[in-house]
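>>> Fold the stuff below for me.
(one chain, ligands or ions: 1)
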Amino acid sequence: MTNSEKTIFKKIIDGEIPADIVYQDEHCLAFNDIAPQAPIHILVIPKEEIPHLDALSVEDPFLAAHMISVIQKITRDLGVSQSYRLISNCGATAGQTVPHLHFHILAGRDLQWPPG
Ligand code: AMP
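Numbering: from 1, shown residues only. Purely as a prediction, here's the structure:
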């Protein structure tokens, strides 16, 4: 893969562009969204290049379970575990702009429903 083909998130994983990282381990990375939609807006991504949620293998549930455990750790550490929204936009028509699986954690304000 040439550098220009890398997604912005792959460049963050590879340390080629900076991010405000709040958590990382061998399997995933979490960082503050550059355009926050709430006082807390964190993206949790796998280090493995998986384009979207539908491509996440359920044959090997480890990564899915691990990412949920990381989301629980982050929201508990921030004291918002009982008041947050988790979103994964799957596909451009659902609002996905970066083709690398990510979960948005939104918290810190009242959130309306339905989303736009
Ligand atoms: P989505 O529209 O669901 O694909 O979400 C992509 C998110 O990535 C958006 O909320 C962007 O604000 C965020 N984003 C894009 N570039 C960066 C970056 N360099 N650092 C942090 N967040 C970013």
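>>> Let's check: the centremost residue of the chain is which one?
residue 44 (2.7 Å; CA atoms, centre = their mean).
>>> And the strands in this structure, which stretches?
Taking DSSP state E as the test, the strands found in the chain are 21-24, 28-32, 40-46, 84-87, 103-107.
>>> residue ranges of the helices in this protein, please?
Remark: helices assigned in the chain by DSSP state H are 8-13, 62-77.
>>> got the contact list for the last one?
Yep, that's helix 62-77 we're talking about. Helix 62-77 is contacted by residues 22-23, 25, 27-28, 30, 42, 44, 46, 48, 50, 56-58, 81, 84, 86, 103, 105, 107 when judged by CB atoms under 8 Å, 6 or more residues apart in numbering. All C-beta spots, glycine's among them, are computed from the backbone N, C-alpha and C.
>>> again, but for the shortest one
Counting by CB under 8 Å, 6+ apart, helix 8-13 makes contact with 3, 17-19, 29, 31, 43, 45, 47, 49, 98, 100, 102, all of which sit outside it.
>>> export those to JSON lines and tack on distance to residue 63, neighbour count and pLDDT?
Rendered in JSON lines, the data for the contacts of helix 8-13 read as follows (distance: CB to CB, whole Å; neighbours: other CB atoms under 10 Å; pLDDT from 0 to 100):
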{"residue": "3", "distance to residue 63": "25", "neighbour count": "9", "pLDDT": "69"}
{"residue": "17", "distance to residue 63": "24", "neighbour count": "12", "pLDDT": "97"}
{"residue": "18", "distance to residue 63": "25", "neighbour count": "9", "pLDDT": "98"}
{"residue": "19", "distance to residue 63": "20", "neighbour count": "20", "pLDDT": "98"}
{"residue": "29", "distance to residue 63": "13", "neighbour count": "20", "pLDDT": "98"}
{"residue": "31", "distance to residue 63": "18", "neighbour count": "19", "pLDDT": "99"}
{"residue": "43", "distance to residue 63": "16", "neighbour count": "20", "pLDDT": "99"}
{"residue": "45", "distance to residue 63": "11", "neighbour count": "24", "pLDDT": "98"}
{"residue": "47", "distance to residue 63": "10", "neighbour count": "16", "pLDDT": "97"}
{"residue": "49", "distance to residue 63": "12", "neighbour count": "16", "pLDDT": "96"}
{"residue": "98", "distance to residue 63": "18", "neighbour count": "15", "pLDDT": "98"}
{"residue": "100", "distance to residue 63": "13", "neighbour count": "21", "pLDDT": "98"}
{"residue": "102", "distance to residue 63": "13", "neighbour count": "26", "pLDDT": "98"}
